[in-house]
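>>> model the structure of this input:
(one chain, ligands or ions: 1)
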Amino acid sequence: MDRRLFSQLLTLGAGAWAWPPKPAPPAAGAQAQPDAAAGDFSHPPANVGDFAARARAVLPPATFDYISTGSTDEVTLRDNVAAFQRLRLLPPLLAGVDQVSLATTLLGTPVRLPILLAPVAGQSLFHRDGVLASARAAAAAGTILGVSSSAGHSVEEVAEATDGPKWFQLYVPRDRTIARRIVERVERAGYRALILTVDLGERKDADKRNRFALPRERLLKQLTDMGFPVHAGMTLAVLNAVNEQAWDPALSWEVFDWLRSITRLPLLVKGVLRPEDADRAVRLGLDGIVVSNHGGRRLDGVPASIDQLEEVVAAVKGRATVLLDSGVRRGTDVLKALALGAQGVLIGRPYAWALAAGGEEGVTQLLTLLREELEVALQACGCASVQQVPRGLVLRSE
Ligand SMILES: Cc1cc2nc3c(=O)[nH]c(=O)nc-3n(C[C@H](O)[C@H](O)[C@H](O)COP(=O)(O)O)c2cc1C
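Residues are numbered from 1 along each chain as shown. The predicted structure is shown next:
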């Protein structure tokens, strides 16, 4: 892969080039409220699509596109949502549950909601409080925040913002000394797990059209936060050059042996779609598998995550925690993922839009909305808890 493209991709967590995009597709199937004022939650959003509409109203178009679009033809982006919609629920009647519990424990971390915030880069571009706002909202909702290597604040800044549970998502620096130091800082700052994101192949047409790229100050901060040897006197061109050399583009499975040798934190691998890879990861001693296609932001044309989940769960055979992301837009999507064997899900774009729409309050509103949707769905299906969601609830309609 072109080295500059790869480095930009790692810095942003997504593509860096762009040209004027077609209007980004509404992510949720539902109608958005066109007149809703951003940041004003007296008129509450009714669904994830409403948050997307509010984000679109306040963000520069290129930033909205950076969040919302996917790679090349966006086949996988669309399929992530469509695949959930293809699945049908078949609830038993009169299965009566009074209260439902959304509480569970993921890799030793108790949560009150099995909907986690996925690692998302560049959050300071979406709202002035950036990932700090997301961290506070996650903590208030009792869930885990995945902190991107390119989140826009350092691991320590995020840790100071909240005591809530946090997992750090690592892109691996080429210089393993820098990689080791960041892992040590993550441990010291009290993060409870490491997520290694390993999927590749990003090529986002919209970002290319928009010439979307990080401004100098933000690139400087991101590289500084990760511990790269940069300083304020460097021009954007120099920072780009550092960035081009910064990341390891040729990882192999060996990286997990190395990580295991330097940390005792639970390890997750994110980007798994093949059951064989899940099995290999578990045999290497990994603790968690995130079934993910990066929300359709990496190689286009790969299957929807939800369509791969059952096979991955079968391969894992209960030896590791299985989570899923990509395309979760409704409480019923969460229920479907639980029924097919996930222990929890992560969301990316929905909270990026909510953050843009209203900072911490926006993300809190979103998590409340999804919590309510999941509670209604569990109750309608006679499930008293997220651990008691039977496989038989989900029908495949093909
Ligand atoms: C704006 C944006 C930036 C992202 N940055 C990262 C990143 O830095 N690291 C990472 O592992 N995943 C990143 N992702 C992918 C998410 O972690 C997650 O896999 C994906 O968003 C899930 O799909 P969804 O957006 O349909 O919920 C990013 C996603 C978005 C939308």
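>>> might you name the residue of the stretch 151-300 of the chain sitting closest to the ligand?
Scanning the stretch 151-300 of the chain for the residue nearest the ligand gives residue 295, at 2.6 Å (criterion: CB to the nearest ligand atom). Any C-beta I mention is one placed from the backbone N, CA and C, and that applies to glycine too.
>>> in this structure that residue contacts residue 327, no?
Yes. Applying CB atoms under 8 Å as the test, residue 295 and residue 327 come out as touching, 7.3 Å apart.
>>> these two: who's more crowded?
Regarding residue 295 and residue 327, a neighbour count based on other CB atoms under 10 Å identifies residue 327 as having more, with 30 against 27.
>>> could you measure that one against residue 122, distance?
For residue 327, the distance to residue 122 (CB to CB, to the nearest Å) stands at 21 Å.
>>> strands of the stretch 201-350 of the chain, start to end?
Ranges of strands in the stretch 201-350 of the chain, per DSSP state E, counting those that start in this stretch, are 267-272, 288-291, 321-325, 344-347.
>>> what segments of the stretch 251-398 of the chain are helices?
Residue ranges of the helices in the stretch 251-398 of the chain, as given by DSSP state H, counting those that start in this stretch, are 254-262, 275-283, 305-316, 331-339, 349-380.
>>> can I get the ones you listed in TSV with mean neighbour count?
As requested, those are exported to TSV (neighbours: other CB atoms under 10 Å):
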stretch	mean neighbour count
helix 254-262	14
helix 275-283	18
helix 305-316	22
helix 331-339	25
helix 349-380	23
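>>> one step back: pipe the strands of the stretch 201-350 of the chain into TSV and attach mean pLDDT and mean neighbour count per row.
Shown next, in TSV, are those (pLDDT from 0 to 100; neighbours: other CB atoms under 10 Å):
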stretch	mean pLDDT	mean neighbour count
strand 267-272	98	25
strand 288-291	98	28
strand 321-325	98	26
strand 344-347	99	27
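>>> how about CSV for those, with distance to the ligand added?
Shown next, in CSV, are those (distance: least, CB to the nearest ligand atom, whole Å):
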stretch, distance to the ligand
strand 267-272, 5
strand 288-291, 8
strand 321-325, 4
strand 344-347, 5
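>>> closest to residue 158 out of the ones you listed?
strand 344-347 (16.6 Å; CB to CB).
>>> tell me what that closest one is packed against?
When contacts are defined as 3 or more CB pairs under 8 Å, 6 or more residues apart in numbering; DSSP states H and E, strand 344-347 sits against strand 115-117, strand 321-325, helix 331-339.
>>> save the ones you listed as CSV, and put in distance to residue 98 too.
Shown next, in CSV, are the helices and strands packed on strand 344-347 (distance: least, CB to CB, whole Å):
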stretch, distance to residue 98
strand 115-117, 22
strand 321-325, 28
helix 331-339, 18
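>>> tabulate the strands of the stretch 201-350 of the chain in a markdown table, adding columns for distance to residue 110.
Shown next, in a markdown table, are the strands of the stretch 201-350 of the chain (distance: least, CB to CB, whole Å):
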| stretch | distance to residue 110 |
| --- | --- |
| strand 267-272 | 17 |
| strand 288-291 | 15 |
| strand 321-325 | 13 |
| strand 344-347 | 12 |
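>>> chain neighbours aside, what residue packs nearest to the closest residue to the ligand within the chain?
Closest approach between the chain and the ligand, counting by CB to the nearest ligand atom: residue 348, at 1.9 Å. Closest residue in space to residue 348, ignoring its immediate chain neighbours: residue 118 at 4.3 Å, by CB to CB, 6 or more residues apart in numbering.
>>> right, and the one you found touches residue 347 too?
Yes. At 6.1 Å, residue 118 and residue 347 qualify as touching, with contact defined as CB under 8 Å.
>>> who in the protein is up against the ligand?
13-14, 66-67, 80, 118-121, 148, 150, 169, 197, 270, 292, 294-295, 297, 325-328, 347-349, 352 (CB under 6 Å from any ligand atom).
>>> one step back: please report how far the residue of the chain closest to the ligand lies from residue 295.
5 Å.
>>> shared neighbours of the two, which are they?
Common contact partners of residue 348 and residue 295 (CB atoms under 8 Å, 6 or more residues apart in numbering): 118, 325, 326.
>>> contact partners for the last one?
When you say that, I think you mean residue 326. 76, 80, 292, 293, 294, 295, 296, 304, 305, 306, 348.
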